[in-house]
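[1] here is a sequence with its predicted model. Questions after.
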Amino acid sequence: MPMSATLASPATHDGLFGAARYRAMFAVALSVLLSVLDYAVVNVALPSIAQDVHTSASSAIWVVNAYQLSSLISLLPLAAMGDRVGHARMCRIGLALFVVASVLCAVSRTLPELAAARVLQGFGGACIMSVNVALVRFIYPSSELGRGIALNGLVVALGVALGPTVAAAVLSLASWQWLFLINLPLGGLAFYFALTALPVTPLIRGEFDFISTALLAAGLGALIIGLDSFAHNSGVALALFLLIVGGGSMVLLVRIQLGRTDPLLPVDLLAVPGFRTAFLVGFLGFVASNFFIISMPFQLMNVLHRGPVVTGLLMTPWAATMVLVAPVVGRLSDRYPASVLSTIGLSITGLGFLFLRLVPSHPSDFDIAWPIALAGMGFGLFQPPNNKAMVTTAPKMRTGSASGMISVARLFGQTVGGMLVALILGLVAHGAVFACLSLGSLTAFAAAAMSGTRIRLRQD
């Protein structure tokens, strides 16, 4: 069993400065962009992939699910491992695995081969995402940490925004295999800077908890697959069995983790009111976002009869406004607490979804675009301060776990939101997208209300 962890090498400085900071942040940004972009581009290529590997459209979705499930299950164990081997080393390991897996994806000829390669690629991406915010904490001085986290969030938004465009450009010139092969030069460049520019961070001494890792994988895996089966009505008995197994595994895991100084599942961090609130606010924020992101294209194409190109353009303001507000939000995050900024941002997002729900029955493109832009601006205002609150309320020796939990909040929120959208689309015959937008608005307002409790309690 793992022993108590101790800090092996304390930080000797408060951030990097000048060219050293720019080089280190470029390494982190390019690594994160690769991870996010690769997830986003594959969605567009699914029809081509399904045809080439001779599988159905519903089965081809596992090319996406394999990546996301692998990432979500491995994030926290990899964050804990990063505390022990070094955050920079974990990022380099992730980049190496990501590039190797990209080659395997490109040469795959069957769905099982491609799904297995995507599992490895998701694992590599999780190595990167589990430590990226932890690295930012040691790249930027405390007084400018908000700017670093905002820049990191900007890169994630850029990856989401550029995904469909990059995929369309590549597929117009070459086969889907090149969506993976372009990772080779970009991954090589990122690896060079990760090798030469990332800072050395404090290490934690202690054994790695393999038993808890197995329980976490079983718990999260069973819960996610069970919820997905339930949402798609593909075997209620199996879904219930998986949910029971997953729930039981998570309960046992929590009992094992209680009282440990360096738990794999960070129950110690979740016991801190400020961290717990920020995590739940982040989770609810991404649930709300997926009510919109997944359902809206169905409304635009099937109900409002916009073509694929116009649909993509109308969805662009969501990410574009997040990119535009990022520089301002970074500075605001260093001056004002998340209790104020995230509450305002989520309220704006809720209003954007509400206005989108109330558009006329025959709306113009402008009628659709401006509420989406408003919602995206609010989401861009909410994320960086809330992420900063999660990092700064955690002790420095637990930065790796805090960084992993930021990605867990995002991935788990997106996963639950996607499953809820699938459930609504299957149950509601008419007006399903309106129901999703209404629930997205309510969820955003609920997250804003939860965030607002920090104003009174001063948790951040």
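    Yep, that arrived.

[2] so for the residue of the chain most remote from its centre, what's the pLDDT?
    No residue in the chain sits farther from the centre than His362, which is 34.1 Å out by CA atoms, centre = their mean. pLDDT recorded at His362 is 88.

[3] ok, now the one 4 residues further on?
    Looking at Phe366, its pLDDT is 93.

[4] can you give me the strands for the stretch 151-300 of the chain?
    204-205 (DSSP state E, counting those that start in this stretch).

[5] show me the chain divided up by domain.
    16-195, 210-263, 266-460 (automatic domain parsing).

[6] a markdown table for those domains, including distance to Ile204?
    The C-beta positions use only the backbone N, C-alpha and C, and glycine is treated the same way. Shown next, in a markdown table, are the domains of the chain (distance: least, CB to CB, whole Å):
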| stretch | distance to Ile204 |
| --- | --- |
| domain 16-195 | 4 |
| domain 210-263 | 6 |
| domain 266-460 | 6 |
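
[7] what's the pLDDT at the closest residue to Trp62 other than its chain neighbours?
    Counting by CB to CB, 6 or more residues apart in numbering, Trp62 lies nearest to Ala115, which is 5.2 Å off, once chain neighbours are set aside. Ala115 carries a pLDDT value of 89.

[8] what strand or helix carries Ala115?
    Using DSSP states H and E, Ala115 maps to helix 111-129.

[9] so what secondary structure elements neighbour that helix?
    The contact analysis (3 or more CB pairs under 8 Å, 6 or more residues apart in numbering; DSSP states H and E) places helix 111-129 against helix 19-52, helix 62-85, helix 87-107, helix 399-427.

[10] okay, and for the stretch 1-150 of the chain, where does confidence drop off?
    Filtered on pLDDT under 70, the stretch 1-150 of the chain yields the residue ranges 1-13, 43-44, 46-47, 56-59, 61.

[11] if you set the cut-off to 90 instead, what comes out?
    Scanning the stretch 1-150 of the chain for pLDDT under 90 picks out the ranges 1-19, 35-86, 109-112, 115, 129-134, 136-138, 140-150.

[12] tally of neighbours for Gly259?
    9 (other CB atoms under 10 Å).

[13] ugh, wrong one, I meant Pro395
    12.

[14] again, but for His54
    9.

[15] helix/strand/coil for it?
    coil (DSSP: H, G, I helix; E, B strand; the rest coil).

[16] buried stuff in the helix holding Ala115?
    Buried positions in helix 111-129, judged by neighbour count with 16 or more other CB atoms under 10 Å: 111, 114-129.

[17] put the alpha carbons of the helix or strand that comes right after that helix into PDB.
    Going down the chain from helix 111-129, the next helix or strand is helix 132-139, by DSSP H and E. Output of helix 132-139 as PDB, limited to C-alpha atoms (Å, rounded to 0.1, in the frame of the first residue of the first chain):
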ATOM      1  CA  ASN A 132      -0.500  21.400 -18.200                       C
ATOM      2  CA  VAL A 133      -2.000  23.800 -15.600                       C
ATOM      3  CA  ALA A 134       0.500  22.500 -13.000                       C
ATOM      4  CA  LEU A 135       3.300  23.600 -15.400                       C
ATOM      5  CA  VAL A 136       1.700  27.000 -16.000                       C
ATOM      6  CA  ARG A 137       1.700  27.500 -12.200                       C
ATOM      7  CA  PHE A 138       5.500  27.200 -12.200                       C
ATOM      8  CA  ILE A 139       6.000  29.100 -15.500                       C
END
